[in-house]
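**Q** Sequence and computational prediction follow.
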2 protein chains.
Amino acid sequence: MSTSRIRKEVDEALLGFVDRQRPALLTISDDLAPMLSALDALLGGGKRLRPAFCYWGWRAAGGADGGGIVAAAASLELLQASALIHDDVMDSSDTRRGQPSVHRRFEALHHAQEWPGDAEAFGSGTAILLGDLCLAWSGEMFETCGLDDGSRRRGRAVYDLMRTEVMCGQYLDMLEGTRGEATVATALRVVEYKSAKYTIERPLHLGAELAGARPDVTAALTGYGLPLGIAFQLRDDVLGVFGDPAETGKPAGDDLREGKRTVLVALSLEHASAAQAAALRRRLGDPELDAAGVNELRSIIEETGGLAACEEMIERYQAEAERALAAAPIDQEAHRALSELAVAATTRST
Amino acid sequence: MSTSRIRKEVDEALLGFVDRQRPALLTISDDLAPMLSALDALLGGGKRLRPAFCYWGWRAAGGADGGGIVAAAASLELLQASALIHDDVMDSSDTRRGQPSVHRRFEALHHAQEWPGDAEAFGSGTAILLGDLCLAWSGEMFETCGLDDGSRRRGRAVYDLMRTEVMCGQYLDMLEGTRGEATVATALRVVEYKSAKYTIERPLHLGAELAGARPDVTAALTGYGLPLGIAFQLRDDVLGVFGDPAETGKPAGDDLREGKRTVLVALSLEHASAAQAAALRRRLGDPELDAAGVNELRSIIEETGGLAACEEMIERYQAEAERALAAAPIDQEAHRALSELAVAATTRST
């Protein structure tokens, strides 16, 4: 299948799953309709990267085309929806995929209905519950994907590990942010667990294990997926600071206002003069940072050489991934698709 | 097995599962140790009601004793841990099972370490992630319980439904709370999904389906479990207002301060004079409610006849459950255990 064809099939599987849940919810109560609308809106966006890597991990391991692997791969989008919804609560983010975040959406519903209680608490409470529902549904969709018990047993071990890793990675990310003392090394550890494994390596492994991959294929997918995943997240960090809001769907400088302790920031601090470091530390994490402040921080990150160092790291990890892919014992079609995905993951603008 | 013997085996299975996760977390980072400590503390408490109902559902359906059903049943405690952790964030509760709630625990860690970031956001963010981890782990523990694929396939359908129902029930609960307009009927709908099905009916069904129950057994378990579950939650509502903090592990009157729109409150409002209703509405949900205020509200709830009406409902549902149990096509041992559990669930003091 072509990558656009897979995307379409993943979309269909995902929306089909949610459509099968819909009547159960509305039978409990019509009051649950806004939960479904919020989920529909969120799932309407997204690049379906994790399902794509899962599908090509399966194909790389010799799996044949079919609906089972597509449904298993699509279930990763529900896991990701859960992570995004909860992440936005934790970061108090206003927007996601160019729309209001789930908690802001329900806060707005509360205001619009003029309910007497606390609108903000209602918004974040609903987002916690909808994220929980997506997490439960991701497991349900995986288990009911239609692949046989033996396949799922192998895949489940990866699925379980991936969930534990991403949740731990998110905690470490928050911890570095609140301690405000990330080095390049500690920031990279967060990137490894929160992003590289979760977004690329484990989805590849999941697909591969579902297909019963040989150990050399699994190892080759790690050789390709882990550095590519790091490059992917570093690109994300650069976009979080320098990206165009029209393309990223997030307000300019949001990562700076949140004070995220990214590898980009750690590299900048490492290369900074005392004055530059002081200015960076002073303004980073200031929720009131305006456009001028964002531009000032962008300039510092460029002038220290932090941006150039980060771009250099992206290239280095990307090259490492390409070398591993070139040597991987997989067929030509999987090779070509993974090569395309590598480009899509690291040269994107959103 | 006796009920105390099951409790012990469930405890062992639960702690064994967490112990097997421990090295994976600490390999990622030592910084994850506080997450494990918080979970250990939370799992140290709890009545293990859901595992007990699951185990006796299995036995009622003719399942034989063994480690598989114990592990499957114990996984419900991780689901419950997730619900409690997230519930406490949503309600801003300070305590749980007589100890600080998870979010308050991490807020305190933040203060103790004198980290520069926002302690409250760190506390609630960590609690969201730990709740997610428990939710993921509950699924993992269920799927790796050791029962065969066919059993788990049958049980999984109940597990999936139960998770969806409890999350939807919690949303409806929060919605009634924030709209502040619950009637006895709408409050009972919340009780059905959030508590009765989740705590008793579905755990019974889960065990029964794992054992491949005959439809008449499943129906009998509903006849017993659903009214018992309602009685259980109504007892909880009464304890939330009138319970002894030394026994409940929660500060006196917390449910009143939160403004929970319980059946007890709805019954009181239904029976109240205009003056009593106005006083109840005025003070309910006041976070500053002191001991005198709590006593005043307790008096109103008694004087309206709301408390008596609620106790009467508890008795009625309990009697309904007993009648269904007496007629259930299950063996004597299961019958005796479920009869004991009915008493434990509705005449408890915590």
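**A** Sure thing, it's come through. Numbers count the residues shown, from 1 in each chain, chains lettered A, B, ... in the order given.

**Q** got the buried residues for stretch A:39-49?
**A** A:Leu39, A:Leu42, A:Leu43, A:Gly46, A:Arg48, A:Leu49 (16 or more other C-beta atoms under 10 Å in any protein chain shown). Using the backbone N, CA and C atoms, a C-beta is placed for each residue, glycine as well.

**Q** cool, stretch A:316-333 as well?
**A** Per 16+ other C-beta under 10 Å, stretch A:316-333 contains these buried residues: A:Tyr317, A:Gln318, A:Glu320, A:Ala321, A:Glu322, A:Ala324, A:Leu325, A:Ala328, A:Ile330.

**Q** check contacts around the fourth one.
**A** In other words, A:Ala321. When contacts are counted by C-beta atoms under 8 Å, 6 or more residues apart in numbering or on different chains, A:Ala321 is found next to A:Gly223, A:Tyr224, A:Gly225, A:Pro227, A:Leu228, A:Ala231, A:Ala342.

**Q** cool, the third one as well?
**A** Contact partners of A:Glu320, counting by C-beta under 8 Å, 6+ apart, are A:Gly223, A:Pro227.

**Q** Let me know the secondary structure of it.
**A** Following DSSP: H, G, I helix; E, B strand; the rest coil, we place A:Glu320 in the helix state.

**Q** Equivalent analysis for the last one, please.
**A** What three-state DSSP gives for A:Ile330 is coil.

**Q** Touching, it and A:Ala220? I think so.
**A** Yes: A:Ile330 lies in contact with A:Ala220 (C-beta atoms under 8 Å); the separation is 6.9 Å.

**Q** can you list residues touching both of these two?
**A** In contact with both A:Ile330 and A:Ala220: A:Ala60, using C-beta under 8 Å, 6+ apart.

**Q** Flag every buried residue along stretch A:56-72.
**A** So for stretch A:56-72, counting by 16+ other C-beta under 10 Å, buried means A:Trp56, A:Gly57, A:Trp58, A:Arg59, A:Ala60, A:Ala61, A:Gly63, A:Gly68, A:Ile69, A:Val70, A:Ala71, A:Ala72.

**Q** Mind checking which of those are in helices?
**A** A:Trp56, A:Gly57, A:Trp58, A:Arg59, A:Ala60, A:Gly68, A:Ile69, A:Val70, A:Ala71, A:Ala72 (DSSP state H).

**Q** Distance check, the fourth one against A:Gly169.
**A** I take that to be A:Arg59. Going from A:Arg59 to A:Gly169 by C-beta to C-beta, to the nearest Å gives 27 Å.

**Q** Give me the below-cutoff pLDDT ranges for chain A.
**A** Chain A contains residues with pLDDT under 70 at A:1, A:349-350.

**Q** residue at max distance from the center of it?
**A** Distance from the centre of chain A peaks at A:Pro116, with 35.8 Å (C-alpha atoms, centre = their mean).

**Q** which residue packs closest to it, ignoring adjacent ones?
**A** With sequence-adjacent residues excluded and distances taken as C-beta to C-beta, 6 or more residues apart in numbering or on different chains, A:Pro116 is closest to B:Gly180, at 5.0 Å.

**Q** Next up, the contacts around the one you found.
**A** B:Gly180 neighbours (C-beta under 8 Å, 6+ apart): A:Trp115, A:Pro116, A:Gly117, B:Gly259, B:Arg261, B:Arg281, B:Gly285.

**Q** ok, 7 Å please
**A** A:Pro116, A:Gly117, B:Arg261 (C-beta atoms under 7 Å, 6 or more residues apart in numbering or on different chains).

**Q** Give the burial count for the second one, as a bare number.
**A** Put plainly, it is A:Gly117. 17 (other C-beta atoms under 10 Å in any protein chain shown).

**Q** Ramachandran angles for it?
**A** phi -70, psi -170 (degrees, to the nearest 10).

**Q** ok, now which ones touch it?
**A** Contacts of A:Gly117 (C-beta under 7 Å, 6+ apart): B:Gly177, B:Thr178, B:Gly180.

**Q** got JSON lines for these, with secondary structure too?
**A** Listed next are those as JSON lines, based on three-state DSSP:
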{"residue": "B:Gly177", "secondary structure": "helix"}
{"residue": "B:Thr178", "secondary structure": "helix"}
{"residue": "B:Gly180", "secondary structure": "coil"}
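
**Q** out of those residues, who's nearest A:Ala291?
**A** Distance to A:Ala291, by C-beta to C-beta, is smallest for B:Thr178 among the contacts of A:Gly117, at 35.8 Å.

**Q** what about that closest one, distance to B:Ala157?
**A** 32 Å.

**Q** Neighbour count: those two, which is higher?
**A** Set side by side, B:Thr178 and B:Ala157 show more neighbours around B:Thr178, with 23 against 16, by other C-beta under 10 Å.

**Q** Now that one. Nearest residue, chain neighbours left out?
**A** A:Gly117 (3.2 Å).

**Q** what do you get for A:Thr218?
**A** A:Ala208 (5.4 Å).

**Q** Then A:Ala127?
**A** A:Ala127's closest residue in space is A:His103 (C-beta to C-beta, 6+ apart), at 3.8 Å.

**Q** Where does that neighbour sit, in terms of helix or strand?
**A** helix A:102-113 (DSSP states H and E).

**Q** Tell me the helices and strands packed up against that helix.
**A** With contacts taken as 3 or more C-beta pairs under 7 Å, 6 or more residues apart in numbering or on different chains; DSSP states H and E, helix A:102-113 sits against helix A:33-44, helix A:67-91, helix A:119-143.

**Q** Relative to B:Ala272, how far out is the residue nearest to B:Thr178?
**A** Distance from A:Gly117 to B:Ala272, by C-beta to C-beta: 21 Å.

**Q** Near chain B, which residues of the stretch 101-250 of chain A are found?
**A** A:110, A:115-117, A:122, A:125-126, A:128-129, A:132-133, A:135-136, A:139-140, A:143, A:149, A:156, A:160, A:163-165, A:167-168, A:170-172, A:174-175, A:177-180, A:189, A:193 (C-beta under 7 Å from any C-beta of the partner chain).

**Q** Now which of those would you call buried?
**A** Buried among these by 16+ other C-beta under 10 Å: A:110, A:115, A:117, A:122, A:125-126, A:128-129, A:132-133, A:135-136, A:139-140, A:143, A:156, A:160, A:163-165, A:167-168, A:170-172, A:174-175, A:177-179, A:189, A:193.

**Q** if we can go back for a sec, quick check: buried residues in the helix holding A:His103?
**A** So helix A:102-113, judged by 16+ other C-beta under 10 Å, has buried residues A:Val102, A:His103, A:Arg104, A:Arg105, A:Phe106, A:Glu107, A:Leu109, A:His110.

**Q** ok, A:Thr262 - contacts?
**A** A:Ala187, A:Asp237, A:Asp255.
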